[in-house]
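> 3D model of this:
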Amino acid sequence: MTLLVVSCMTANTARAQQGAAVGAGSTYSNPLSIAFGDPFVLKDGDMYFMYGTGGGAKDGFSVYSSPDLKSWKDEGQVYFGNNKNGWGTGAYWAPEVYKRNGKYYMFYSAQWRHNPTKEEENFKIGVAVADKPTGPFVDMQDKPIFDPGYPIIDANVWFENGKTYLYYSRCCYKHPVKSEVSEWARKKGWYKEIEESWVYGVEMKNDFSGVIGEPVLLLRPPVKMDIAEWESRSVTSREVNRRWTEGSFIFKKEDTYYMMYSANNFDGQNYAVGYATSKSPLGPFVKAANNPVLQKNGRVTGTGHNSITMSPDGKDMLCVYHGRTKATGHERLVFIDKMEVRKDGKLVVYGPTMKD
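Here you go, the predicted model:
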């Protein structure tokens, strides 16, 4: 969860061949039989609660609970878009839940019904509250948290020193950007332009009713063709005329902020995860040289939009993400693999793994 401040972490440095171990006496095998995209895990006391996109929910979100990350109970739908303050009209994506002062707050993306210019993508971010992690969640206000003037998705929240920070992704929609990659694709006659999504951060009011100041650009795809080519594979494989930087997740180890993010088409095989580091929650962030840290391996594809939790015994840092296999087809399922930040500062994910 994003509240996690990592001061000391250990992890098995050998790549697992069949799933992974999670704490003493508890094991799991990938993929989990939970059809979530964008999975987020909240650890509340001795229980884990997993939220995500889809999973059978209709115009809202469901949750699964587990005492050990192995056995999961379907708790049903816990957020409904038609609640008394609901402002969305479909496309309910990427929920994240945080416990604050005895209440549970769900941040999520949805298509805003207020759409006077009839945009195809009119996504905004809202927040709903509940007394329990299993809901029911009710929107705090009948509108999104704020409107930056462009569609946004994938909320992630960080609390520190009495301040609250909101991270989000500006959508690719109507956001063409000039770069060596876009010029290359244009010359090949593939695409006239390449649209991009960028990750921003902004301070948020502590009551979540709005933001403070202007959003700060934190991450974007590379301008140069020979830099971080893995972030351009949706274009270079001629899959689509878009480059994504989305699904951010921030945590802190000692005095360094780590921001994990996903690139490429969430609906394709090249979806992958990288990270960047900073000394401040609002950057500047520098992308890591060892990116990507999670990508397809032949057996598992479309790996991305992760969150982080800790094992039941508190020893292992775990990367929770969605992926696909040949057996499961196009459906996204949840995977969990060990990860760590090494002594040299490098972040490593030991996955994707899959049970033989």
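> rest of the way, CA atoms for contacts and neighbours
Noted.
> tell me how many other residues surround residue 105.
The number of residues packed near residue 105 is 25, by other CA atoms under 10 Å.
> which residues touch it?
97-99, 127-130, 137 (CA atoms under 8 Å, 6 or more residues apart in numbering).
> give the buried subset of these as a ChimeraX selection command.
In ChimeraX, a selection of the buried entries from the contacts of residue 105 looks like this (16 or more other CA atoms under 10 Å):
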select :97,98,99,127,128,129,130,137
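> for the protein, give me the ranges with low pLDDT.
The chain contains residues with pLDDT under 70 at 1-28.
> farthest from the middle of it: give me that residue.
residue 187 (33.4 Å; CA atoms, centre = their mean).
> nearest to residue 75 among the contacts of residue 105?
For the contacts of residue 105, the residue nearest residue 75 by CA to CA is residue 137; the value is 13.3 Å.
> contacts only, for the closest one.
78-80, 105-106, 128-130.
> phi first, then psi, for it.
Residue 137 has phi and psi values of phi -90, psi 130 when expressed as degrees, to the nearest 10.
> what pairs with it across the strands?
For residue 137, the beta-bridge partners are residue 79 (DSSP bridges).
> and the gap between it and residue 257?
30 Å (CA to CA, to the nearest Å).
> would you map the helices across this protein?
With helices called from DSSP state H, the chain shows them at 180-187, 233-236.
> what's the closest of the ones you listed to residue 31?
Nearest of the helices of the chain (CA to CA): helix 233-236, 24.1 Å.
> other residues contacting the closest one?
For helix 233-236, contacts defined as CA under 8 Å, 6+ apart pick out 181, 185, 240-243, 264-265, 268, 270.
> quick one on the thing from earlier: right, so the helices of the chain: which one is the most enclosed?
helix 233-236 (a mean of 20; mean count of other CA atoms under 10 Å).
> rewinding a little: among the contacts of residue 105, name the ones in strands.
Counting by DSSP state E, the contacts of residue 105 place 97-99, 127-130 in strands.
> kindly reformat those as CSV containing distance to residue 167.
Shown next, in CSV, are those (distance: CA to CA, whole Å):
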residue, distance to residue 167
97, 14
98, 14
99, 17
127, 13
128, 17
129, 19
130, 22
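> quick check: the farthest pair among the contacts of residue 137?
80 and 105 (14.2 Å).
> sorry, back to before: return the distance of the residue farthest from the centre of the chain relative to residue 237.
According to CA to CA, residue 187 and residue 237 sit 15 Å apart.
> among the contacts of helix 233-236, which one lies nearest to residue 311?
Set against residue 311, the nearest of the contacts of helix 233-236 by CA to CA is residue 270 (28.0 Å).
> so what's that closest one up against?
Residue 270 makes contact with 233-234, 264, 295-296, 301-303 under the criterion CA under 8 Å, 6+ apart.
> at 10 Å instead, please
When contacts are counted by CA atoms under 10 Å, 6 or more residues apart in numbering, residue 270 touches 230-234, 237, 239, 263-264, 295-296, 301-304.
> please report the distance of residue 144 from residue 161.
25 Å.
> between these two, which one's more packed in?
residue 144 (23 against 5).
> so that one makes contact with residue 87?
Yes. Counting by CA atoms under 10 Å, residue 144 touches residue 87, with 7.3 Å between them.
> what do the two both touch?
Joint contacts of residue 144 and residue 87 (CA under 10 Å, 6+ apart) are 110-112, 124, 126.
> related to what we said a few turns ago, identify, from the contacts of residue 105, the entry nearest to residue 251.
residue 98 (13.9 Å).
> ok, what's across the strand from that closest one?
residue 105.
> for the residue nearest the centre of the chain, give me its contacts.
Centroid-nearest residue in the chain: residue 247, 3.3 Å away (criterion: CA atoms, centre = their mean). Counting by CA under 10 Å, 6+ apart, residue 247 touches 38, 94, 153-156, 167-169, 199, 259-263, 266, 273, 304-307.
> OK, contacts around the closest residue to it other than its chain neighbours?
Spatial nearest neighbour of residue 247, chain neighbours left out: residue 305 (4.8 Å); criterion: CA to CA, 6 or more residues apart in numbering. Residues near residue 305 by CA under 10 Å, 6+ apart: 37-40, 94, 154, 246-249, 260-263, 266, 271-273, 319-323.
> out of the residues you listed, list just those in strands.
Among those, the ones falling in strands (DSSP E) are 37-40, 94, 154, 246-249, 260-263, 272-273, 319-323.
> only the buried subset of those residues, as a ChimeraX command please.
Command for ChimeraX that selects the buried part of those, burial taken from 16+ other CA under 10 Å:
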select :37,38,39,40,94,154,246,247,248,249,260,261,262,263,272,273,319,320,321,322,323
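> which ones are touching the closest residue to residue 91 other than its chain neighbours?
Excluding the flanking residues, the one nearest residue 91 by CA to CA, 6+ apart is residue 110, at 5.1 Å. Neighbouring residues of residue 110 by CA under 10 Å, 6+ apart: 59-60, 81, 87-95, 121-126, 144, 151-154.
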